[in-house]
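# pasting the structure only:
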Ligand code: GLC
């Protein structure tokens, strides 16, 4: 299809289906429209100079979130852990790892956040413990047939002497999902299931003690004042009875390439009963506490089942994150997400980056339609940094104008790119090691945040130590370089969050405007949003008041200001 040099949007044809989809939110349920900022504790701010971020460092920098305009913070795990998977291997759910501080530091962090009007969501890792958790240690020591082993998924091996794994499941991080243990007498013994690393044994959620323990952990943190939980691998807790073989590869992240068949380790119906029970725990507390599911399930109808009225409050919308930079794809995902989630009365969430995926400023600099990579290394085709940032900014303004709740990942407000040339010998993600380098893994999005362009470790730690190296380009993205600079990515995010709040975009309704094929144009309340993914500039309506743009506007052929390629504009018209 060819386009005239500029086009004027027809502003009078809202899509009634989309309009009907979003219901205004009761003000009480803050999470329905919240902007939630993800802090990755290792990499946000290092208070003691050891090169690893910590809770006192976070507390000292919480004002950054308030200044940005975030409603809540979600922190990745900071619990006692041997850090085989950066803290997603928990050895004690009720204490803080000394690397990050102490329980008192956690209390101080929650108190400071609340003082600033920021709610606190913590990570809960219920699918597996660390192999250094007392339960797993006891299970190893007690041997086969013991009650201690029943809390995990120990099975006899196949083959004549049990030398083969019990089934064919693969670990998400590569390699077998089973490891054989020596029995207490030293003979080769049973195998245990670990959908992730060897050091992350899966719990058996049919065991009542597992259920009781996790509810007690919920209460422990609710008692300390947290406002909610991000539930790790929420679709994995229950496995199909009998643990049947699964004749397919695991996809990069918890999906499957099964062509529609549901894998026996993911998204089993039994998980819902667990979340119904958790919901009751949360509802028994004062305040407005919430649960958000990390569930890599498709299609959106399946995801919606996690956020039915008596289950969780939110689920991450990974379909949006995974959509390609094409207007039709994005529109389809947006429509479907809103439709399916509003059918169960839940808000949609939107997310573009987190600690598990290539940062969107780099991802969107890769060829459109390319497979989403699990990390990028120096040997791979490099993203186009300028194009990536331009599209990332446009994608962000698109996302923040949508009704529902939005998740930001630390550093995206600086336009931070992925570290795409990290030396292999510093990599820590078990994925890299378990796949023998076939998958680069997630270290590139976990690099410490640059605060000051001319300070050691760009202000992350006073000593200059940094657990992962920061690329030199991070200096240009430092907070102090962008603060107060009109048009900087940081100031764009701030302005967007301010306007989003002032115009109630998060609780609004989306009404599409029909226009050119490669343009996303919609109204949300008083705001008209135009995201141009096509090659030709799109003229804004006559007299439009420009509220915010992700890139410079150009002059349209009709003389009116126009939105050029890969730019999103918020206007009042
Ligand atoms: C989730 C986390 C990821 C972790 C995995 C295993 O996907 O986001 O970082 O490696 O679960 O706990």
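That came in fine, so what should we check first? Please read all numbers here as calculations on a predicted model, not as lab measurements.
# what does the model give residue 291 for pLDDT?
Reported pLDDT at residue 291 in the predicted model: 98.
# Give me every residue in the stretch 401-550 of the chain lying close to the ligand.
On the criterion Cβ under 6 Å from any ligand atom, the ligand has no neighbours in the stretch 401-550 of the chain. In short, each C-beta sits where N, CA and C put it, glycine included.
# Pick out the residue in the stretch 401-550 of the chain sitting closest to the ligand.
Nearest residue of the stretch 401-550 of the chain to the ligand (Cβ to the nearest ligand atom) works out as residue 442 at 6.9 Å.
# neighbours around the closest residue to that residue other than its chain neighbours, how many?
Once flanking residues are discounted, residue 442 sits nearest to residue 429: 4.8 Å by Cβ to Cβ, 6 or more residues apart in numbering. For residue 429, the count of nearby residues is 23 (other Cβ atoms under 10 Å).
# what's stretch 45-64 in contact with?
39-44, 73, 75, 78, 96, 99-102, 105-106, 108-109, 112-113, 116, 118, 448-449, 451, 457, 460-463, 465-467, 479 (Cβ atoms under 8 Å, 6 or more residues apart in numbering).
# Show only the entries of the residues you listed found in strands.
The strands, defined by DSSP state E, take in 39, 73, 75, 96 from those.
# Wait, the first one touches residue 410, no?
Put plainly, it is residue 39. Yes - counting by Cβ atoms under 8 Å, residue 39 touches residue 410, with 5.5 Å between them.
# just the helices in the stretch 151-300 of the chain please.
208-223, 271-283, 300-304 (DSSP state H, counting those that start in this stretch).
# From the contacts of stretch 45-64, list the buried ones, please.
Neighbour counting by 16 or more other Cβ atoms under 10 Å classes 39-44, 73, 75, 78, 96, 99-101, 105-106, 108-109, 112-113, 118, 448-449, 451, 457, 460-461, 465-467, 479 among those as buried.
# and the two most separated of the ones in strands among the contacts of stretch 45-64?
Spatially, the most separated pair among the ones in strands among the contacts of stretch 45-64 is 73 and 96, at 15.8 Å (Cβ to Cβ).
# Low-confidence regions, the stretch 101-250 of the chain specifically.
For the stretch 101-250 of the chain, the stretches flagged by pLDDT under 70 are 249-250.
# What distance do you get for residue 337 to residue 322?
Distance, residue 337 to residue 322, using Cβ to Cβ, to the nearest Å: 12 Å.
# Between the two, point out the one with more neighbours.
Taking other Cβ under 10 Å, residue 337 and residue 322 do not tie; residue 337 has more neighbours (23 against 16).
# residues near the residue of the stretch 51-200 of the chain at minimum distance from the ligand, how many?
In the stretch 51-200 of the chain, the residue found nearest to the ligand is residue 88; the distance is 3.4 Å by Cβ to the nearest ligand atom. Residues near residue 88, counting by other Cβ under 10 Å, number 24.
# do residue 413 as well
Counted with other Cβ under 10 Å, residue 413 comes out at 28.
# For it, give me phi and psi.
Backbone torsions for residue 413, taken as degrees, to the nearest 10, come to phi -70, psi -10.
# Could you measure from residue 397 over to the ligand?
26 Å (Cβ to the nearest ligand atom, to the nearest Å).
# Who's the closest spatial neighbour of that residue, skipping the chain neighbours?
Per Cβ to Cβ, 6+ apart, closest to residue 397 is residue 568, 3.8 Å.
# Equivalent analysis for residue 436, please.
Nearest to residue 436 is residue 174, by Cβ to Cβ, 6+ apart, at 7.9 Å.
# ok, now residue 49?
That would be residue 463: by Cβ to Cβ, 6+ apart, it lies 3.9 Å from residue 49.
# what's the answer for residue 387, then?
residue 365 (5.0 Å).
# you'd agree the one you found is up against residue 381?
No - counting by Cβ under 8 Å, residue 365 sits too far from residue 381 to count as a contact (10.3 Å).
# More neighbours: which of those two?
Neighbour tally, residue 365 and residue 381, criterion other Cβ under 10 Å: the higher count belongs to residue 365, 25 against 11.
# residues contacting that one?
Contacts of residue 365 were listed using Cβ under 8 Å, 6+ apart, and they are 383, 384, 385, 386, 387, 388, 389, 391, 417.
# mind listing which of the residues you listed are in helices?
In helices, defined here by DSSP state H, the members of those are 385, 386, 387, 388, 389, 391.
# Next, the contact list for the closest residue in space to the last one that isn't next to it in sequence, please.
Nearest-residue entry for residue 391: residue 364, 3.8 Å, with adjacent residues in sequence omitted and distances by Cβ to Cβ, 6+ apart. Applying Cβ under 8 Å, 6+ apart, we find residue 364 in contact with 325, 383, 387, 388, 391, 392, 395.
# What's the PyMOL syntax to select whichever of the contacts of residue 365 are buried?
Selection command for PyMOL covering only the buried members of the contacts of residue 365, criterion 16+ other Cβ under 10 Å:
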select buried, resi 383+385+387+388+389+391+417
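# Same list (the contacts of residue 365) but as a markdown table, adding distance to residue 63 and pLDDT.
Converted to a markdown table, these look like this (distance: Cβ to Cβ, whole Å; pLDDT from 0 to 100):
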| residue | distance to residue 63 | pLDDT |
| --- | --- | --- |
| 383 | 32 | 98 |
| 384 | 34 | 98 |
| 385 | 29 | 98 |
| 386 | 31 | 98 |
| 387 | 33 | 98 |
| 388 | 29 | 98 |
| 389 | 26 | 98 |
| 391 | 30 | 98 |
| 417 | 25 | 98 |
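# with the contacts of residue 365 in mind, which one is nearest to the ligand?
residue 417 (19.8 Å).
# Surely the closest one is in contact with residue 389?
Yes - Residue 417 lies in contact with residue 389 (Cβ under 8 Å); the separation is 7.3 Å.
# okay, and the common contacts of the two?
Common neighbours of residue 417 and residue 389 (Cβ under 8 Å, 6+ apart) are 361, 365.
# and this structure, which of its residues are near the ligand?
So far as Cβ under 6 Å from any ligand atom goes, the chain lies against the ligand at 85, 88, 125, 196, 232, 233, 294, 355, 356.
# so what's the fourth one up against?
It refers to residue 196. 85, 88, 128, 171, 172, 173, 430 are the contacts of residue 196 under Cβ under 8 Å, 6+ apart.
# Excluding sequence neighbours, find me the nearest residue to the last one.
Read it as residue 430. Of all residues not flanking residue 430 in the chain, residue 197 sits nearest, at 4.5 Å (Cβ to Cβ, 6+ apart).
# cool, the fourth one as well?
Counting by Cβ to Cβ, 6+ apart, residue 177 is the residue found nearest to residue 171 once chain neighbours are left out, at 4.6 Å.
# residues near that neighbour, how many?
Neighbourhood size, residue 177 [other Cβ under 10 Å]: 26.
# so it makes contact with residue 193?
Yes - counting by Cβ under 8 Å, residue 177 touches residue 193, with 5.9 Å between them.
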